[in-house]
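**Q** starting from these lines, generate the structure:
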Amino acid sequence: MKFLKGLLKLLVALLILGIIASFAVVSYGSSTRPVKYVEEVTKYSEEYGVDPLLVMSVIKVESNFNTSAKSHMNAIGLMQLIPKTSQWICEKMGIEYSEDMLQDPETNIKLGTYYLAYLINHFGDTDLAIIAYNGGMGNVQEWLDQGIIGKAGKGFENIPIDEARYYDVKVKRNYEVYKTFYEDVELKDGMHKEPKVWFSNYFRQTKEFLRDF
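**A** The predicted structure follows:
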């Protein structure tokens, strides 16, 4: 009897530890996937036909929502836009370009979202568009023409540029997390910091786990 009681206590303790650990994982995942600039992301995602959670995933990977981010390649702002590419985007959009505009969060999101939508429509494949956003449209077209890569991730392990090869994985990994937590949820700025959102995400995850179990 003592053995069974001891075993029961052990199982209960393990269950409690499991719940705490899984909640910690979900809370960390929620808090490190910022939900910011919701109005701007939603506005331009709807205008250009892109999932806002994909746009947020790109921002997460590109700048982690740091408006003052600047790369060694002179990519600027939230969506890390290179001035030369941004000038081309502005020509496509029929608006006047200045480098200062890239430091404005709303304009940066507008141009970046337009560009992402353009790439998706151009290649007819989201994976290729994500790679092109980082590695360049010309490079992706060349890799396609040479048969190095194809649609739906085919041959991506053969991409000769390391950063571009891993970029698609990072964006899609974040995109899956964003969708897990916020798909079909009304987004609002800063919700990723709210404990009630962590609990909501935890219960959603638990429900999904039990359903698939």
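**Q** contacts and neighbour counts: CA atoms only from here.
**A** OK.
**Q** centroid residue for the chain?
**A** Against the mean C-alpha coordinate of the chain, by CA atoms, centre = their mean, the closest residue is residue 57 at 1.2 Å.
**Q** test my guess that it contacts residue 175.
**A** Yes: using CA atoms under 8 Å, residue 57 is in contact with residue 175, at 5.3 Å.
**Q** now the common contact residues for the two.
**A** Shared contacts of residue 57 and residue 175 (CA atoms under 8 Å, 6 or more residues apart in numbering): none.
**Q** count of neighbours near residue 179?
**A** Residues lying near residue 179 (other CA atoms under 10 Å) number 15.
**Q** packing partners for whichever helix or strand it is part of?
**A** If you go by DSSP states H and E, residue 179 is part of helix 162-182. Contact here means 3 or more CA pairs under 8 Å, 6 or more residues apart in numbering; DSSP states H and E; on that basis helix 162-182 packs against helix 52-63, helix 126-135, helix 195-212.
**Q** so which of those helices is nearest residue 21?
**A** helix 195-212 (11.1 Å; CA to CA).
**Q** just want the angle from that closest one to helix 162-182.
**A** With axes from the mean of the first three to the mean of the last three CA atoms, to 10 degrees as the basis, helix 195-212 and helix 162-182 are set at 90 degrees to each other.
**Q** okay, buried residues for helix 195-212 please.
**A** Buried residues in helix 195-212, counting neighbours by 16 or more other CA atoms under 10 Å, are found at 197, 198, 201, 202, 205.
**Q** now these in a markdown table, with pLDDT and distance to residue 182?
**A** Formatted as a markdown table, these follow (pLDDT from 0 to 100; distance: CA to CA, whole Å):
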| residue | pLDDT | distance to residue 182 |
| --- | --- | --- |
| 197 | 86 | 10 |
| 198 | 79 | 11 |
| 201 | 82 | 8 |
| 202 | 77 | 12 |
| 205 | 77 | 11 |
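**Q** and these as CSV, adding distance to residue 71?
**A** Formatted as CSV, these follow (distance: CA to CA, whole Å):
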residue, distance to residue 71
197, 32
198, 32
201, 33
202, 35
205, 35
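**Q** if anything else comes up later, I'll come back, but that's it for now.
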